[in-house]
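In: Here is a sequence with its predicted model. Questions after.
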Amino acid sequence: MYKSHSLNGGLMPNTSTESQNLESTANPAMDDLSDTDEDLGDELKKTREQEELEHVQALQALALSGVSIDEETDDMSHLDEIDNILDLEEDKFPKFTLAKNKARFLRMVSWYRGKEEWIEVAPLSGVTKLFKQQTKELEGIRSSKMDYEMELETGTLTPSQRSYRRDELKMCKVQEKMAVHLISKLQLKIKSGRR
């Protein structure tokens, strides 16, 4: 670590060795940072790959079940004929390719059913507040629906992207129908409460 200096016979630090030691300790820290960035990038990539794999598996399951894309389209047009989705039996519920959308749909059904029951006993102020929230949310739902419809009209999507967008469009249509139905019930409660 120290080498003798010939002029004064004293010991001086070996600067070349120290600078090498500093470099060797500085680089691992930098390597750790770049490794962390790479790890995050790898995790994101793995997450995307996992989602893509789940989507492909859902499409394969759909194909194995004998449901064609045409039937999926029919399922979408069938939604337009339904007045209140909450009145449907479970076996008549819309079909979704992705499991997360099925779960999301069931949570929505439960939430909207709960709100419809709540309306009967709710104070007018609460009903008015929910009416404003739902009206605002409905605008967002309709905006998303239009975006998905426009994306589906372009011929640039891959089959898996197309299937994903169709699933999301169906979710928007379902949510729009439930929101519209709830808003109409809220309006009736507000009108009757003001008489």
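Out: All right, it came through fine.

In: Only C-alpha atoms from now on, for both contacts and neighbour counts.
Out: Will do.

In: which residues in this protein form strands?
Out: Remark: strands assigned in the chain by DSSP state E are 2-4, 11-13.

In: Now the last one: average pLDDT?
Out: When pLDDT is averaged along strand 11-13, the result is 46.

In: any idea how far the nearest residue to Leu130 once chain neighbours are set aside lies from Glu151?
Out: Excluding its sequence neighbours, the residue lying closest to Leu130 (Cα to Cα, 6 or more residues apart in numbering) is Leu186, at 7.9 Å. Leu186 sits 33 Å away from Glu151, taking Cα to Cα, to the nearest Å as the criterion.

In: quick one, which of those two is more surrounded?
Out: Per other Cα atoms under 10 Å, whichever of Leu186 and Glu151 has more neighbours is Leu186, with 25 against 16.

In: List the contacts of the more buried one.
Out: Neighbour list for Leu186: 119, 127-128, 130-131 [criterion: Cα atoms under 8 Å, 6 or more residues apart in numbering].

In: Distance check, Glu117 against Val127.
Out: 12 Å.

In: the more surrounded of the two?
Out: Val127 (23 against 10).

In: Verify the stated contact: that one with Ile119.
Out: Yes: using Cα atoms under 8 Å, Val127 makes contact with Ile119 at a distance of 6.7 Å.

In: This completes my enquiry, with thanks.
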